[in-house]
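Trainee: generate a structure from the sequence data that follows.
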Amino acid sequence: MSSHTPAPAPAHVVDPAGGCPHALNADLRARGPVADIVLPGGVPAAVVLGHDALKEFLSHPDVAKDARHCPALNDGTIPADWPLRVFANAQGMHTADGADHRRLRSLVGNAFTARQVERLRPRIEELTAVLLDDLGLAAAEDPDGIADLRTHFALPLPMSVICELLGVDPEHRGRLHDLTYTVIIATDTTPAEVMAAVRELVELLGTIAAARRAAPGDDLTSALIAAREDDGDRLSEAELIGTMRLMLVAGHETTLNLISNAVRALCTHRDQLALVLDGKATWSDVVDETLRWDGPVSWFPFRYPTRDLALGGTVIPQGTPVLAGYTAAGRDEAFHGPEADRFDVTRPGAARHLSFGQGMHYCVGAPLARLEATIALERLFTRFPDLDLAVPEAELPRQRSFIGNSVQALPVRPVRPARPSGASSR
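Mentor: Residues are numbered from 1 along each chain as shown. Here you go, the predicted model:
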């Protein structure tokens, strides 16, 4: 071997506390579109970071979602209490392939067609108005005029919508959010914390399913139960709970982060906000540029090559757990151009991001997320055009996660503080 051949870069050891992903993404992407990583617990894996490589990977016929294609998860190499097993062990369309995947997706797909989602517009607008009142009231009652936008607006909007769709009673919603955050989003948790939260979440979803079984309604959980009972092998109990969990998590955690990230971007890029308020760009443009520039999901687990897979000049060995690097692909200069790091709501082609996935696992809830986010942002900045961050953006506490990408709290001032009397108006 030539003495000039550079040694391969060592695998990146993933920090379980996560944080802002963009500097790390840029560093890893500079080495190539695929990187070897070591996940918490010492588990070797890979992450796909380049846009073109990720697009190919997400729809590749030799890439599976079913954990039986990952030997290390099944032969004792990876311990049974590994916290990230929750992504591999859940039963639902997000861990199914082929006919199984089509069967499970068809059961929920009809609830999320563009036509069905559009029927939810009046309810989303109604909830948005109520929550904006709540946000304004919380700020008015605070001596500094500050309220947490996540607590009062960005969380309860998608959480209410998905829970109403699933037929979840309001008293369960706070606990469901806490549990799903612990199980799915936080990556600095101990195995014992995750196992306890998974048990409680499965039990709570079982309670909700039992209530809908006893008193069916016009909701998605009742429809899934009916589909199961009409044809015994349509949906197992584990698949029912897994599907409910997927709908719940994907239906609120991602939209919560999307709304939060869009608000942060607009508050720190007032020129871009002005373009939208002046009608020179749309709220839909804001949503797509946020999904590209600072998407709600950073590195998402897992897919497994069913053979050694050549991708972006790298070979990913068969059975490797692979994460989809959505935030990395969103700022890939090779695809989005030399100004990929810039937030620009007029960017041509911003909608070609991969934040909703690609191929047969493309996010079934994408139309709902878009509708919720566009209504939320339009109503928020129409009601509070001076809304701004209450602390410098760099000081906002980040989610302790390499999966979710957002902040833990978003303190804002909805109304610009009044000038002291006698102050100059200049």
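Trainee: Arg175 against Leu204, yeah?
Mentor: Yes. Using Cβ atoms under 8 Å, Arg175 is in contact with Leu204, at 6.7 Å. Every C-beta, even on glycine, is put in place using the N, C-alpha and C of the backbone.
Trainee: how much space separates the residue nearest to Ser406 when sequence neighbours are not counted from Thr290?
Mentor: The shortest distance from Ser406 to any non-neighbouring residue, by Cβ to Cβ, 6 or more residues apart in numbering, is to Asn257 (3.8 Å). Using Cβ to Cβ, to the nearest Å, Asn257 is found at 10 Å from Thr290.
Trainee: now do the shared contacts for the two.
Mentor: Residues touching both Asn257 and Thr290 by Cβ atoms under 8 Å, 6 or more residues apart in numbering: none at all.
Trainee: which of Arg175 and Leu204 has more neighbours?
Mentor: Leu204 (18 against 12; other Cβ atoms under 10 Å).
Trainee: mind checking which helix or strand that one is in?
Mentor: Assigned by DSSP states H and E, Leu204 falls within helix 191-214.
Trainee: which elements pack onto that helix?
Mentor: Packing partners of helix 191-214 (3 or more Cβ pairs under 8 Å, 6 or more residues apart in numbering; DSSP states H and E): helix 173-180, helix 220-230, helix 237-268.
Trainee: and the shortest one, how far from the chain's centre?
Mentor: Meaning helix 173-180. Here the centre of helix 173-180 is set off from its chain's centre by 16 Å, with Cα atoms, centre = their mean, to the nearest Å.
Trainee: can we start the residue count at 246 from this point?
Mentor: Got it, first residue is 246 now, which makes that one helix 418-425.
Trainee: which residues are contacting that helix?
Mentor: 400, 404-405, 408, 413, 442, 445-446, 449, 490, 493-494, 497-498.
Trainee: who wins on neighbours among these?
Mentor: Going by other Cβ under 10 Å, His497 tops the contacts of helix 418-425 with 27 neighbours.
Trainee: from Val542, how far out is that residue?
Mentor: Distance, His497 to Val542, using Cβ to Cβ: 13 Å.
Trainee: find residues that contact each of those two.
Mentor: Counting by Cβ under 8 Å, 6+ apart, His497 and Val542 have no shared contacts at all.
Trainee: ranges for the strands of the stretch 246-395 of the chain?
Mentor: With strands called from DSSP state E, counting those that start in this stretch, the stretch 246-395 of the chain shows them at 257-258, 279-284, 288-293, 308-309, 392-393.
Trainee: can you list these in TSV and add mean neighbour count?
Mentor: Formatted as TSV, the strands of the stretch 246-395 of the chain follow (neighbours: other Cβ atoms under 10 Å):
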stretch	mean neighbour count
strand 257-258	13
strand 279-284	22
strand 288-293	22
strand 308-309	22
strand 392-393	22
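Trainee: mind checking which of those strands is nearest Leu349?
Mentor: Closest approach to Leu349 among those is made by strand 308-309 (14.9 Å; Cβ to Cβ).
Trainee: neighbouring strands - and their directions - for that closest one?
Mentor: strand 544-550 (antiparallel) (DSSP bridges).
Trainee: tell me which strands and helices the helix or strand that comes right after the partner strand is in contact with?
Mentor: Next helix or strand after strand 544-550 toward the C-terminus (DSSP H and E): strand 554-556. Here strand 554-556 touches helix 296-303, going by 3+ Cβ pairs under 8 Å, 6+ apart.
Trainee: and stretch 386-394, what's buried?
Mentor: For stretch 386-394, a neighbour-count test (16 or more other Cβ atoms under 10 Å) marks 390-394 as buried.
Trainee: I meant stretch 492-511, not that one.
Mentor: Buried residues in stretch 492-511, defined by neighbour count with 16+ other Cβ under 10 Å: 492-511.
Trainee: distance of Ala312 from Asn319?
Mentor: With Cβ to Cβ as the criterion, Ala312 and Asn319 are 7 Å apart.
Trainee: looking at those two, which is more packed in?
Mentor: Legend: neighbour count by other Cβ under 10 Å for Ala312 and Asn319, higher for Ala312 (18 against 13).
Trainee: which residues are in contact with that one?
Mentor: 318-319, 333-334, 340, 547, 549.
Trainee: roughly how far apart are it and Thr565?
Mentor: To Thr565, Ala312 is 12 Å away according to Cβ to Cβ.
Trainee: which residues do those two both contact?
Mentor: By Cβ under 8 Å, 6+ apart, the residues touching both Ala312 and Thr565 are Tyr549.
Trainee: show me where the stretch 296-445 of the chain has helices.
Mentor: In the stretch 296-445 of the chain, the helices defined using DSSP state H, counting those that start in this stretch lie at 296-303, 316-319, 330-334, 343-354, 359-363, 366-386, 394, 401-411, 418-425, 436-459.
Trainee: by contact count, what packs against the fifth one?
Mentor: Same thing as helix 359-363. Contacts defined by 3+ Cβ pairs under 8 Å, 6+ apart place helix 359-363 against helix 611-628.
Trainee: which is the next helix or strand following the helix it packs on?
Mentor: Counting by DSSP H and E, the next helix or strand C-terminal to helix 611-628 is strand 633-634.
Trainee: low pLDDT regions in the stretch 246-395 of the chain?
Mentor: The stretch 246-395 of the chain contains residues with pLDDT under 70 at 246-252.
Trainee: go on, the stretch 446-595 of the chain?
Mentor: Where the stretch 446-595 of the chain drops to pLDDT under 70, the residues are 473-478.
Trainee: same thing but 90
Mentor: Counting by pLDDT under 90, the stretch 446-595 of the chain contains low-confidence ranges at 468-485, 487-488, 491, 494-495, 593-595.
Trainee: any idea how far Leu491 is from the residue nearest the centre of the chain?
Mentor: For the chain, Thr499 is the residue whose C-alpha lies nearest the centre (Cα atoms, centre = their mean; 3.1 Å). From Thr499 across to Leu491, the span is 11 Å (Cβ to Cβ).
Trainee: what does Asp553 give?
Mentor: Separation of Asp553 from Leu491 (Cβ to Cβ): 30 Å.
Trainee: quick one, which of those two is more surrounded?
Mentor: Remark: of Asp553 and Leu491, Leu491 carries more neighbours, 21 against 12, as counted by other Cβ under 10 Å.
Trainee: what's the neighbour count on the spatially closest residue to the more buried one that is not a sequence neighbour?
Mentor: Once flanking residues are discounted, Leu491 sits nearest to Gly337: 4.7 Å by Cβ to Cβ, 6+ apart. Residues near Gly337, counting by other Cβ under 10 Å, number 23.
Trainee: who's in contact with Gly337?
Mentor: Residues in contact with Gly337, defined by Cβ under 8 Å, 6+ apart, are 349, 484, 487-488, 490-491.
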